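Q: What shape does this take:
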Amino acid sequence: MANCECTFIAIKPDGVQQGLVGEIIKRFEQKRFRLVGVKFMQASEDVLKEHYIDLKDRPFFVGLVKYMHSGPVVAMVHILHGWQQARRESSCRKTPFFKNHQISAGRGGSRL
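A: Predicted coordinates:
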């Protein structure tokens, strides 16, 4: 995944609870994002604390972790096409949501 442009997207508990998962995925696919990994999960507090480590000193950190732990989330990795403008890091960072799973972007598949 280091040689591709990709982004991690999490559908938060309220989006899952409101039944918006399909619509959110559809919108990304309509923008020509290619989904290469998806996991429906209840994120542990440890995974969330690791994922949001950069925010640990912010006053909202505890509330953010509590909120994200309040219900299931959908964790996804999408491949971006070069011409698209999107918020992303310059390279794929490994997210703790997929820590024990292999995502094979080069072949367009995943083992989750």
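Q: Would you confirm that residue 9 belongs to a strand?
A: Yes. Membership of residue 9 in a strand is supported by DSSP: H, G, I helix; E, B strand; the rest coil.
Q: burial of the residue lying closest to it once chain neighbours are set aside, as a residue count?
A: Leaving aside its chain neighbours, residue 9 sits nearest to residue 76 (4.7 Å; criterion: Cβ to Cβ, 6 or more residues apart in numbering). (C-beta placed from N, C-alpha, C; glycine too.) By other Cβ atoms under 10 Å, 23 other residues sit near residue 76.
Q: and residue 76, what element?
A: Per DSSP states H and E: residue 76 is located in strand 73-79.
Q: Within the sheet, what are the partner strands of that strand, with directions?
A: The sheet places strand 73-79 alongside strand 6-11 (antiparallel), strand 34-41 (antiparallel), with pairing taken from DSSP bridges.
Q: Could you check how many residues crowd around the nearest residue to residue 39 once chain neighbours are set aside?
A: Leaving out its chain neighbours, the residue that sits closest to residue 39 by Cβ to Cβ, 6+ apart is residue 75, at 4.7 Å. Summarising burial for residue 75: neighbours were counted as other Cβ under 10 Å, giving 22.
Q: Sweet, I'm off.
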